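Fold the following, please.
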Amino acid sequence: MKKMNILKAAAAALLSLFAVSLSACSDDNTVGAQTAKTYDMSGFAKGADVSWLTEMEANDIAFYDATGRKNDCMKILRSLGMNAIRLRVWVDPADGWCGQQDVVAKAVRAHNLGMRLMIDFHYSDSWADPSKQNIPEAWKNYTLEEMKQAVANHTRTVLEALKKAGIDSVEWVQVGNETTTGMLWPMGKVSDGNFANFAQLVNAGYDAAKEVYPKSKVIVHVDQGNKLGKFTWLFDGLKAAGGKWDVIGMSLYPDDSDWTTEVADCLANIDKLKQRYGTDIVISEVGMDWNSEQAEPCLRHLVDGAKKVPACEGVFYWEPECYNGWKQYAKGAFDNSGKPTKALDAFK
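Residues are numbered from 1 along each chain as shown. This is a model prediction of the structure:
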């Protein structure tokens, strides 16, 4: 079953090569005039992490535009103004989803639509976040030197697979996911203030990414973009230990009752971090409950505000395609009928 599902996803990527060439006769045209729409794929990144997409499609979950017309999810997002896709990578996931083959299939689809790419390495077989940074099963007994080599090899192998598939540019490579206190625990954990191992592991991923895509920008990612202290603590320590990064990544999941303060603090922190470290910032993840009345004004305020901050490279919604209880995740931006909510209008 695992092989059949992943092969199905890979086949979809190949079919998209032909689908894109036919788009001039379908959803991307003005009826009658038959003139293809154009999409702005430059400048400020307006993106989405859609890592669950192929798994949802394998479960026969469909997506619809605002008129109720069935369409490819990435095309719907593109039509709403999005110009970038973020995809997570797991080392050896139990069911294959978000493994190398699945990631390549989704990346090819995004690339064929002209979308820019962010690849998010978790360096785990499953979720990595501030509460857990589990070492992949195959790496369990590695020394620090072996772990650095594993990080480099995994990063290089996945990116080389993308290049072999015809993807000539990966704009952002995220080394670790929400590494607020390090990654690959306990070896790379920095809650005790010792950043040496973490810095070496980050640099292993950084150098490997640059080998394959020299122009890629490497991100180190921290949660709660409204809390400046989390960022200064980590990046001060990482810098002192010789760690390398090009862009600081933020997550922000605003609360309905306090989103105005959280967004204002997040936007202010972008400028403060730029001044402190001299590097740009990207909001790698954002989300709110799909049925919240505050979702649309919050996203508009965040995206419009981020566009005005020169140091901010873009905003990525996390898994907007989730709907109708998928994985019990309620912070998507499609309604229960599979159509985009007004929150995504912020990206137009």
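
And for residue 241, the neighbour number?
Neighbourhood size, residue 241 [other C-beta atoms under 10 Å]: 17. Bear in mind the C-beta positions are built from the backbone N, C-alpha and C, glycine included.

ok, it to residue 311 distance?
Distance, residue 241 to residue 311, by C-beta to C-beta, to the nearest Å: 24 Å.

What residues are bridge-paired with the residue nearest to residue 124 when sequence neighbours are not counted?
Leaving aside its sequence neighbours, residue 124 sits nearest to residue 134 (C-beta to C-beta, 6 or more residues apart in numbering; 5.0 Å). Beta-bridge partners for residue 134, by DSSP bridges, are residue 185.

mind checking pLDDT for residue 134?
For residue 134, the pLDDT comes out at 98.

in terms of contact, does it touch residue 140 like I think?
No: if you go by C-beta atoms under 8 Å, residue 134 and residue 140 don't touch, sitting 9.7 Å apart.

any low-confidence regions in this protein?
Residues of the chain meeting the criterion pLDDT under 70: 1-36.

Which residue ranges of it form strands?
45-49, 84-89, 116-121, 172-175, 182-183, 188-189, 217-222, 247-252, 280-286, 312-318 (DSSP state E).

mind listing what residue 195 touches?
182, 237, 238, 240, 241, 243 (C-beta atoms under 8 Å, 6 or more residues apart in numbering).

The residue most central in space within the chain: what's it in contact with?
Geometric centre of the chain, nearest residue: residue 86, 3.1 Å, by C-alpha atoms, centre = their mean. Residues in contact with residue 86 (C-beta under 8 Å, 6+ apart) are 47-51, 117-120, 172, 174, 284, 316.

Now the buried members of the residues you listed.
Among the contacts of residue 86, the ones that count as buried by 16 or more other C-beta atoms under 10 Å are 47-51, 117-120, 172, 174, 284, 316.

Need the residues you listed in CSV (columns: distance to residue 306).
Formatted as CSV, the buried ones among the contacts of residue 86 follow (distance: C-beta to C-beta, whole Å):
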residue, distance to residue 306
47, 12
48, 15
49, 16
50, 20
51, 22
117, 20
118, 15
119, 21
120, 19
172, 15
174, 18
284, 12
316, 11
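
rewinding a little: what's the closest of the contacts of residue 86 to residue 225?
Distances from residue 225 to the contacts of residue 86, taken as C-beta to C-beta, are shortest for residue 284 (9.2 Å).

The closest one is in contact with residue 249, isn't it?
Yes: Residue 284 is within contact range of residue 249, at 4.0 Å (criterion: C-beta under 8 Å).

anything in contact with each of the two?
Common contact partners of residue 284 and residue 249 (C-beta under 8 Å, 6+ apart): 174, 219, 221.

Dump the residues you listed to JSON lines, plus distance to residue 273.
Supplementary listing: the shared contacts of residue 284 and residue 249 in JSON lines, determined by distance: C-beta to C-beta, whole Å:
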{"residue": "174", "distance to residue 273": "16"}
{"residue": "219", "distance to residue 273": "13"}
{"residue": "221", "distance to residue 273": "13"}
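
Can you name the residues that contact residue 160?
Per C-beta under 8 Å, 6+ apart, neighbours of residue 160: residue 212.

next one: the one 10 residues further on
Taking C-beta under 8 Å, 6+ apart as the definition of contact, the neighbours of residue 170 are 117, 118, 119, 159, 162, 213, 216.

and the third one, how far is that from residue 81?
Between residue 119 and residue 81 the computed distance is 22 Å (C-beta to C-beta).

likewise the second one?
Shown here: residue 118 relative to residue 81, a distance of 17 Å by C-beta to C-beta.

pretty sure residue 149 is touching residue 204, no?
Yes: the pair residue 149 / residue 204 is scored as a contact, 7.4 Å apart, by C-beta under 8 Å.

any idea what sits nearest residue 77, other than its immediate chain neighbours?
Using C-beta to C-beta, 6+ apart, the nearest residue to residue 77 is residue 48, at 5.5 Å.
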